[in-house]
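# Give the three-dimensional model of this entry:
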Amino acid sequence: MRDGKKRVILMPSVRGKNSQRSICPQALLTRGLAGVIHAVTRQIHPSVFQDIVRGVGAEHGGLAASEWRLTHGTVRLYDSHTGVQCLKAVAQQCGWKLQVAVESADVLRITILECRYTEPRESGWYLCELAAGLFAGVVAETIGYAKVSVGPCSETPPLDCAFTIYLRESEEHPEIPDIVHPYIEKKSVLFKERALNGVLDERLTPCELQVLRLIAQGLSDKQIAASLQRSVRTVENHAARIRQKLRIGSRTGLVRFAFRTRLIEL
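So this is what the prediction gives:
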C-alpha cells in the first residue's frame, strides 16, 4: 500500500486462474461496510453480535434457497446431493467457490476454496459466522434441518475456512462446539404454525388461503377459477385482496411468501 501500512482490511483472493489483483467497482463500498461492522463490534457484546451475524446469514441463506427452489419449480425437500447444488449456487452469489464433500447421509463438509475478498483473522472472524449462518439457512430450507460446526479459522477468513453441517438431529450433536442454529428444523415448524395461524385467523379468509395455495402451485387465474368453479373476475378480486392484506405487490411475491411459510407441501 502507498501509505506503508501492511495490514489490509479487505483483499482479493489470490487463488484460481484469474488470480491477478484487480480493482473491483464495489471494493470501496465493501471496505466501508467492513468499517461499519468493525465499529459495531466495539459497541455491543460479542455474543450479541455473533447472534446477529448468524441470524442475518441464515435469513439470507433461506431466502436465496427459497428462490432457488422456486426456480426449480418444486416445494418438496431435497436429498443431500441436491442440497449441495443449492449450496454451490448460493455461494456463487457471494463470490465463493465451495468444495462440498458428502461424508455420509447425515454429514456435509464444506471448505471455501476461493472468494473475492478476505480479511485478516483478527478482524474477519465475522465472515465465518456469516458463512455459517448462510449455509445453515440454505440447508434448512432445502433439506429441512441443519446444525453447522465452524472449524478453525484460516489466516484470511473465509478463505480456506471449513464447516461441518449435520443434516439430522442426534444426541451427539449437542456435544459439538460452535454449533450454529441448532434447532432450525423446530424453529421452521413453529414459524410455519405461527404463519398459518396468523394468515387464517388475522389476515386471509379460508377462500383466500385456498386461492393463495393455487397461485403458489403455478395456476393461472383462469385455471384457479375452473378448479374452484368461480368466475375469473372473482378469483382476480381474491388475488387483489390477498396482495393488499399481505402487503405483497406481485404474483411472484405471493409465491415466495407461500414458499417461505410452507403453505403448500408435496
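
# got the end-to-end distance for stretch 242-253?
One end of stretch 242-253 sits 11 Å from the other (CA to CA, to the nearest Å).

# What average pLDDT does it get?
Predicted confidence along stretch 242-253 averages 80 (mean pLDDT).

# Quick check: buried residues in stretch 32-41?
Residues of stretch 32-41 classed as buried by neighbour count (16 or more other CB atoms under 10 Å): 34, 37, 41. All C-beta spots, glycine's among them, are computed from the backbone N, C-alpha and C.

# what's the closest of these to I112?
Sorting these by distance to I112 puts A34 at the head of the list, at 17.3 Å, by CB to CB.

# Isn't the closest one up against E119?
Yes - counting by CB atoms under 8 Å, E119 is a contact partner of A34 at 6.8 Å.

# Now do the helices in the stretch 151-266 of the chain.
Using DSSP state H, counting those that start in this stretch, the helices of the stretch 151-266 of the chain run over 184-198, 206-216, 221-228, 232-246, 251-261.

# same question but for the stretch 1-150 of the chain, I mixed them up
For the stretch 1-150 of the chain, applying DSSP H, counting those that start in this stretch gives helices covering 27-41, 46-71, 80-93, 121-142.

# name the helices or strands packed onto the lengthiest strand in the chain?
Looking across the chain with DSSP state E, the single longest strand is strand 107-115. With contacts defined as 3 or more CB pairs under 8 Å, 6 or more residues apart in numbering; DSSP states H and E, strand 107-115 has these neighbours: helix 80-93, strand 96-102, helix 121-142, strand 162-166.

# With distance to I242 and pLDDT added, can I get the buried residues of stretch 32-41 in a markdown table?
Formatted as a markdown table, the entries for the buried residues of stretch 32-41 read as follows, by distance: CB to CB, whole Å; pLDDT from 0 to 100:
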| residue | distance to I242 | pLDDT |
| --- | --- | --- |
| A34 | 41 | 84 |
| I37 | 38 | 87 |
| T41 | 42 | 82 |
